[in-house]
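A.B. asks: Model the structure of this input:
(chains A and B)
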Amino acid sequence: MMYLFLSLLLFVSDALASPGNAGGDHLIEFQASLSERTSLSGLTVEVVRLGSTKRIALTDDGRTLKDVPYDGVWVGSDVGAYSRTITVRLYGQQPTGEQVLLYSGVERTDSDDVATIGWRVNNVHEQYTAFRAPTSYPGNVSEIHVGLPLITAFGWGLFVLCYVGLLIRSTRREPSP
Amino acid sequence: MNPVRRNSITVGLFLLLSCAFSWPLILAPFSQHVSQQWDMYTLVWLMQAVSAEDAAWVFNGSAWPLGEPLYRMDSFLMASVAALMGRALDPWVFPALWVLLGPVLSAWAAERVAARVFEARWPWSLIAGGCFGFCGMAVTSLLEGHVYALLNPWLPLLLGSWTLALKEDGTLRQGLFAGICWSLCLLTSAYTGMVATLLVLVVACPALIHRKTTWHGLAGAALTSLPVGLLYIRMFVAHGESVRTPTTATVGDPLRVLDAGSIHLDTLAGWNGAVDMVKHSVSGPLGYTALSLALFAPIVILHRKHVKTLMCLALLGLVLALGPQLQLHDDDLNIPLLMYGIGVLGDAASFFHFPSRLLWLCTLAMGVLGAVVATQVAERRGGKWVAPLLVFMVVDVLCVTGAPFRTRQVSTVVPTIYEEAPDGLAVLDLFPEFGTFNADMSLYVNNLTCSYQVEHRRPIASQCLGTTVGRGPRVLMSKWLAGVFLSNQGLAEVVPLMQSLGFGAVVLHPDFYSHTDRPLMVQGLTEVMGPPTAVRKDGGEHLMLFTVPDAHASTPEARLAGYTAIEARVQ
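C.D. replies: Residues are numbered from 1 along each chain as shown, chains lettered A, B, ... in the order given. Okay, here's the model as predicted:
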């Protein structure tokens, strides 16, 4: 329940507080949500941004702003000149130290304010793969976060329907003037 | 209330709503856009193409050297405005104006029609405006980049004028006006034209069946709509292919293609992040205020005129927008609906990919119904208890559709490297195809290169109209050059062929190539054209410009011969 509340709070604050950044530093955030069945001990993102290659280690220890420590969502960020796209590879580190490629692709990052790239990492029969997912903080509750607007809309719809229903019921009890 | 004051308040409220709806566009309307997807780029390109000095039905500045037919452009109406005013204005001005003012005019028209034709009273008639002008489909249009659909006062005006024209005392003038509105709907977009046609049929049915109409209204409508309709059909049939080129992984299965462009039950109720990430932002949340009011219409106002017609319109629009099969989220329920028959037609249905857009019909009828019900309730119960519904409507517009939470701030800045290319000669943007499962990225980058032309004005090889994955001269040239440079064979004929085609420069997008292909492409281009003339990292892209040695303007015959030679090599 607390995660749900935090999700709602961060969702609204993120949406309203986007500062706009034309001409300034362009922030790209990375988030990878690990399912509980994975035993990966580290995640790294290799980014080709405007011709330069960087490796960014994702963390889940609360050092980064907005990160809830040890919740299974690993985060990292990169700041640089405005970039419409990046080429990205997500690597996971197995307990043996071996690096496994989880995802590779070209991603759009053309939002002026903050561009966020999210993944969900799964372990299917000891084969690790990651697929792109809408962003997922805080907590390992990406599905709830993604569905939050829909859940809220349902609640709102029910409230409005009840209000209108009661209003109409009351008009039918009273004779029209 | 004084009509001038009332209309001023109405327009003012809708303007405020529009600024919030498209937030943060109002902060810098002409130097950014707020779309999620990529069709905005080709729309801006179209604004530039139709206002160019050499503008014609076949635009020579794109799909070079073949040129690009414009007979099937998205919106003849928006293009006409750009053709008339475009030379004096930046092409980015048009979509910004459409986004900011389009919903205002659409909503105002719906509000007025609800008040004047269907007897809703102000301020309850505002519910009709809010529900129609700022509906879920309006958000989809905004985020997809099909912003021409946002300026659509014609549909509510058609509903009003056609309803009046079909009455026993309907006049020729009302019919003429209805015909003009229908034509403007068709010229706004083909889907809007289909919505308008459905509206015309549904509204006409009861009048014709009960023979309560006179010939005046019908004749007037025919006079103004038939010429435009016939011309439109003739232009569509005479130019271009009869089957749309497939672009998605659902090729060969018309039902799945239609399903992908339909409204599903979850996207009807609200929005979620996945819709914008993988479903082209296709969602059509219905305003709960108008929906709740409309649901009670059979109890409150069934006896009133036109209510049954409005209910039929809403229901038909909804059922058709749900597509061939009722789906909860994706591919789950598979319950056949009215549209199922169209899917069975196979290729014949290939142009009808987005049944979701028929939801505009539902939102208009539902909004008007909601306004009429609210009026009735206010008359019986007093305005005090109905007033919160106006606030609810604003919550629907901003929160249920999610418009201000889903927009992005995207800069319209163009990389300066194109200015280094020789003037008057064509530019080839060189990047790889992204494969079937990343067709969206192919479309995005292709459309982006089209929008750059707005600034640099040089002919480009990219094909900009329609969905062009894997098609057009740019793709052919990319395949040919990649084949040459990766195999290191045929290097000697690259420059002569580029010269014969009239290309002055190649702009390489190196970051899109794999780390193994990237150096080979740069090495190949350097070998045949010399070192890059410029390497820049502005405008959001890392680009390398290679100038074709001794480039010159070529004759159309030489261009055609060169193109045919490259086609032969690629095949």
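
A.B. asks: For residue B:272, see how far away the residue nearest to residue A:109 when sequence neighbours are not counted is.
C.D. replies: Among residues not flanking residue A:109 along the chain, residue A:115 sits closest, at 3.6 Å (C-beta to C-beta, 6 or more residues apart in numbering or on different chains). Bear in mind the C-beta positions are built from the backbone N, C-alpha and C, glycine included. From residue A:115 across to residue B:272, the span is 19 Å (C-beta to C-beta, to the nearest Å).

A.B. asks: Over to residue B:90?
C.D. replies: Distance of residue B:90 to residue B:272, given as C-beta to C-beta: 35 Å.

A.B. asks: So which of those two has more stuff around it?
C.D. replies: Neighbours were counted for residue B:90 and for residue B:272 using other C-beta atoms under 10 Å in any protein chain shown; residue B:272 has more, 24 against 16.

A.B. asks: which residues touch the more buried one?
C.D. replies: Contacts for residue B:272 (C-beta atoms under 8 Å, 6 or more residues apart in numbering or on different chains) come out as A:134, A:146-150, B:266.

A.B. asks: now, among these, which is nearest to residue B:453?
C.D. replies: residue A:134 (32.7 Å; C-beta to C-beta).

A.B. asks: Can you give me the neighbour number for that closest one?
C.D. replies: By the criterion of other C-beta under 10 Å, residue A:134 has 20 neighbours.

A.B. asks: so how far is residue A:147 from it?
C.D. replies: Distance from residue A:134 to residue A:147, by C-beta to C-beta: 10 Å.

A.B. asks: and if you look at residue A:34?
C.D. replies: As judged by C-beta to C-beta, residue A:34 and residue A:147 stand 20 Å apart.

A.B. asks: Helix, strand or coil: sort out residue B:36 for me.
C.D. replies: Under DSSP: H, G, I helix; E, B strand; the rest coil, the three-state class of residue B:36 is coil.

A.B. asks: Report the rounded mean pLDDT for stretch B:401-413.
C.D. replies: On average, the pLDDT along stretch B:401-413 is 92.

A.B. asks: low-scoring stretches of chain A, by residue?
C.D. replies: A:1-24, A:37, A:135-146, A:173-177 (pLDDT under 70).

A.B. asks: Check the offset of the longest helix belonging to chain A from the chain's centre.
C.D. replies: Using DSSP state H to define each element, chain A has its longest helix at helix A:142-173. Chain-centre distance of helix A:142-173: 26 Å, with C-alpha atoms, centre = their mean, to the nearest Å.

A.B. asks: Is the residue nearest to residue A:109 located within a strand, as I assumed?
C.D. replies: Yes. Under three-state DSSP, residue A:115 falls within a strand.

A.B. asks: OK, contacts around it?
C.D. replies: Residue A:115 makes contact with A:26-29, A:108-109 under the criterion C-beta under 8 Å, 6+ apart.

A.B. asks: Name the residues of the stretch 1-150 of chain B found near chain A, please.
C.D. replies: Neighbours of chain A within the stretch 1-150 of chain B, by C-beta under 8 Å from any C-beta of the partner chain: B:24, B:27-28, B:31-32.

A.B. asks: Please, where are all the helices along chain A?
C.D. replies: Along chain A, counting by DSSP H, helices occupy A:2-17, A:142-173.

A.B. asks: What are the buried residues along stretch B:18-30?
C.D. replies: With burial defined by 16 or more other C-beta atoms under 10 Å in any protein chain shown, the residues of stretch B:18-30 counted as buried are B:18-25, B:28-30.

A.B. asks: got it, and stretch B:413-423?
C.D. replies: B:413-415, B:417-418, B:420-422.

A.B. asks: What of stretch B:98-112?
C.D. replies: Using 16+ other C-beta under 10 Å as the test for burial, stretch B:98-112 gives B:98-100, B:102-112.

A.B. asks: again, but for stretch A:117-125
C.D. replies: Within stretch A:117-125, the residues that count as buried by 16+ other C-beta under 10 Å are A:117-123.

A.B. asks: which other residues reach it?
C.D. replies: With contacts defined as C-beta under 8 Å, 6+ apart, stretch A:117-125 is touched by A:28-35, A:37-40, A:43, A:86, A:88, A:90, A:92, A:102-103, A:107, A:109, A:128-136, A:142.

A.B. asks: Selecting buried members of those residues in ChimeraX, what would you type?
C.D. replies: A single ChimeraX command is used to select the members of the contacts of stretch A:117-125 judged buried by 16+ other C-beta under 10 Å:
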select /A:28,29,30,31,32,33,34,38,40,43,86,88,90,92,102,103,107,109,128,129,130,132,133,134,135,136,142
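
A.B. asks: before we move on, the earlier item: state the pair within the buried residues of stretch B:98-112 that is farthest apart.
C.D. replies: B:99 and B:112 (21.7 Å).

A.B. asks: Please name the residues that touch residue 59.
C.D. replies: In the absence of a named chain, chain A is used. Contacts here follow C-beta under 8 Å, 6+ apart; on that basis residue A:59 touches A:67, A:74-76.

A.B. asks: Oops, wrong one, chain B.
C.D. replies: Counting by C-beta under 8 Å, 6+ apart, residue B:59 has contacts B:49, B:52, B:67-70.

A.B. asks: Show me what from the stretch 251-400 of chain B comes close to chain A.
C.D. replies: So the stretch 251-400 of chain B meets chain A at B:266, B:269-274, B:276-278, B:285, B:288-289, B:291-293, B:295-296, B:299-300, B:373, B:376-377, B:379-381, B:385-386, B:388-389, B:392, B:395-396, B:399-400 (C-beta under 8 Å from any C-beta).

A.B. asks: where in the stretch 451-571 of chain B is pLDDT low?
C.D. replies: Applying pLDDT under 70 to the stretch 451-571 of chain B flags residues B:467-468.

A.B. asks: cool, and chain B?
C.D. replies: B:242-252, B:347-348, B:436-437, B:467-468.

A.B. asks: Which residue ranges make up the domains of it?
C.D. replies: Following automatic domain parsing, one finds the domains of chain B at B:3-406, B:416-570.

A.B. asks: Please work out which of those is packed deepest.
C.D. replies: Highest mean neighbour count among the domains of chain B (mean count of other C-beta atoms under 10 Å in any protein chain shown): domain B:3-406, with a mean of 21.

A.B. asks: what about it, distance to the chain center?
C.D. replies: Put simply, domain B:3-406 sits 11 Å off its chain's centre (C-alpha atoms, centre = their mean).

A.B. asks: Please enumerate the helices of the stretch 1-150 of chain B.
C.D. replies: Shown for the stretch 1-150 of chain B, the helices assigned by DSSP state H, counting those that start in this stretch span residues B:3-21, B:39-50, B:76-85, B:93-116, B:126-133, B:136-144.

A.B. asks: Could you list every helix and strand in contact with the third one?
C.D. replies: Under the contact criterion of 3 or more C-beta pairs under 8 Å, 6 or more residues apart in numbering or on different chains; DSSP states H and E, the helices and strands touching helix B:76-85 comprise helix B:39-50, helix B:93-116, helix B:172-188.

A.B. asks: For residue B:457, which of the ones you listed is the nearest?
C.D. replies: Nearest of the helices and strands packed on helix B:76-85 to residue B:457, taken as C-beta to C-beta: helix B:39-50 at 8.0 Å.

A.B. asks: Now do that closest one: everything it contacts.
C.D. replies: With C-beta under 8 Å, 6+ apart, helix B:39-50 has contacts from B:33, B:55, B:59, B:61-62, B:68, B:70, B:73-74, B:78-80, B:82-83, B:86, B:91-92, B:94-95, B:144-148, B:412, B:447-448, B:450-451, B:453-454, B:464-465.

A.B. asks: From the contacts of residue A:59, which land in strands?
C.D. replies: A:74-76 (DSSP state E).

A.B. asks: Tell me the one among those residues nearest to chain B.
C.D. replies: Among those, residue A:75 lies closest to chain B (C-beta to the nearest C-beta), at 16.7 Å.
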